[in-house]
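Engineer: Here is a sequence together with a model predicted from it:
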Amino acid sequence: MNAATGPGAQGGGRYGEAVFRPGQAGEGERIDFGALAYDDLTVARLRALGVGPGWRCLDVGAGTGTVSRRLLEEAEVTSVLAVDRDVRFLAERPVPGLDLLEADVTADDFAPGRFRLVHARFVLMHLPEHRRLVTKLAELVEPGGVLVLGDAVDLTSDRTPGTPYTTVMRAMWQGLRDTIGTDVSWVPDYPHLLREAGLEPVAAEIHVPPLLPGSPISRFWADTWQRSRAAMLATGLVDDAAVDEAVRYLDSDACAALSAGLLTAWGWKGENASR
Ligand SMILES: C[S@@+](CC[C@H](N)C(=O)[O-])C[C@H]1O[C@@H](n2cnc3c(N)ncnc32)[C@H](O)[C@@H]1O
């Protein structure tokens, strides 16, 4: 079923409804495995961009809030407004300076103010109308501030040697596209999208965590396949045995695959941009 036409399709996307339901046991842990794989890089990048004391920050689709909290505790920013459609995981671990807002970022009335840092990671790839959202998030950046957006890049291609991992990843992307509307094909265009939104200079980088047995990224993919198993099977590209084989492969020394990466792109709003 296509997410744009299926029942329940709506502007805010179908993340949290079709596959990754927040109330499902273990969903917070799954997000945390992804965070463990990428947070060091994200926080280091944000600090290298100058994020620190005095900064008011917006973390969009904040999930369990690992980045929001590290911005407060390590970068010592002044405040973070963590926004999510479902704030249950954020509410579990309050820290001083962390404010929560349960809201749909795609809604026309989403206007939480202006911030020196606006950050969203692994969010826009799941939502419809990513181009409009980049423009909208750029409007929330105050002059002199920065918009930092990160999403997954699929590094398999027609020429990638077939492994149990690549077979299942292809089925996963197709299954998530059919159920949620997830689309990572446009992610490499982020620098252009940021420029189109009036930001400059813009830049981007890709980080690919190694798929080592028992590593957070390996556990993240195994958990994600478990969640999305029905969607993957519905594509007809894999069966249960193929998914089980890929989980075993990830946990073995035979694994020689390249994980999907995190592409982080950022763009600055000029000091003289209209306030
Ligand atoms: C894959 S998680 C990423 C969490 C976190 N940013 C991270 O990188 O660890 C995506 C998050 O976006 C949130 N989300 C999805 N659609 C949303 C929407 N329309 N408005 C606000 N949040 C949304 C989900 O609830 C979920 O917490």
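Structural biologist: All right, it came through fine.

Engineer: Just say helix, strand or coil for the residue of the stretch 1-150 of the chain found nearest the ligand.
Structural biologist: Among all residues of the stretch 1-150 of the chain, Gly63 sits closest to the ligand, at 2.5 Å; criterion: C-beta to the nearest ligand atom. In short, each C-beta sits where N, CA and C put it, glycine included. Three-state assignment for Gly63 (DSSP: H, G, I helix; E, B strand; the rest coil): coil.

Engineer: Please apply the same query to the one 4 residues further on.
Structural biologist: When classified by three-state DSSP, Val67 comes out as helix.

Engineer: my read: it touches Arg121, true?
Structural biologist: Yes: when contacts are counted by C-beta atoms under 8 Å, Val67 is listed as touching Arg121 (6.7 Å).

Engineer: In terms of packing, which of those two has more residues around it?
Structural biologist: Arg121 (25 against 22; other C-beta atoms under 10 Å).

Engineer: which stretches of the chain form strands?
Structural biologist: Here the chain has its strands, by DSSP state E, at 56-60, 79-84, 98-102, 115-121, 141-153, 202-207, 261-268.

Engineer: helices or strands up against the third one?
Structural biologist: Taking 3 or more C-beta pairs under 8 Å, 6 or more residues apart in numbering; DSSP states H and E as the contact definition, the neighbouring helices and strands of strand 98-102 are helix 66-73, strand 79-84, helix 88-92.

Engineer: ok, Ser218 touching Tyr249?
Structural biologist: No: using C-beta under 8 Å as the test, Ser218 is too far from Tyr249 to be in contact (9.8 Å).

Engineer: and those two? which has more neighbours close in?
Structural biologist: Ser218 (24 against 20).

Engineer: separation between the closest residue in space to the more buried one that isn't next to it in sequence and Gly270?
Structural biologist: Sequence neighbours aside, Leu250 is the residue nearest to Ser218 in space, at 4.7 Å (criterion: C-beta to C-beta, 6 or more residues apart in numbering). As defined by C-beta to C-beta, to the nearest Å, Leu250 lies at a distance of 45 Å from Gly270.

Engineer: Please say which of the two ends up with more neighbours.
Structural biologist: Neighbour count, other C-beta under 10 Å: between Leu250 and Gly270, Leu250 has more, with 26 against 11.

Engineer: show me the contacts for the more buried one.
Structural biologist: Residues in contact with Leu250 (C-beta atoms under 8 Å, 6 or more residues apart in numbering) are Tyr165, Leu211, Pro213, Ser218, Trp221, Ala222, Ala257.

Engineer: Closest one to Leu137 out of those, please.
Structural biologist: Proximity of these to Leu137 (C-beta to C-beta) peaks at Trp221, which lies at 27.4 Å.

Engineer: quick one: pLDDT of that closest one?
Structural biologist: Trp221 is assigned 95 on the pLDDT scale.

Engineer: Just to check, Thr106 is in contact with Gly12?
Structural biologist: Yes: in this structure, Thr106 is within contact of Gly12 by C-beta under 8 Å, at 4.8 Å.

Engineer: So which bits of the stretch 1-150 of the chain are right by the ligand?
Structural biologist: Proximity of the stretch 1-150 of the chain to the ligand (C-beta under 6 Å from any ligand atom) is limited to residues 12-13, 15-16, 31, 34-35, 61-63, 83-86, 104-106, 121-123, 126-127.

Engineer: one step back: please enumerate the shared neighbours of Val67 and Arg121.
Structural biologist: Joint contacts of Val67 and Arg121 (C-beta under 8 Å, 6+ apart) are Thr42.

Engineer: can you count the residues close to Leu193?
Structural biologist: Using other C-beta under 10 Å: Leu193 sits among 22 other residues.

Engineer: so what's the closest residue to it other than its chain neighbours up against?
Structural biologist: The shortest distance from Leu193 to any non-neighbouring residue, by C-beta to C-beta, 6+ apart, is to Val134 (4.6 Å). For Val134, the contact set (C-beta under 8 Å, 6+ apart) comprises Leu124, Leu147, Leu149, Tyr190, Leu193, Leu194, Glu196, Ala197.

Engineer: All good on my end, thank you.
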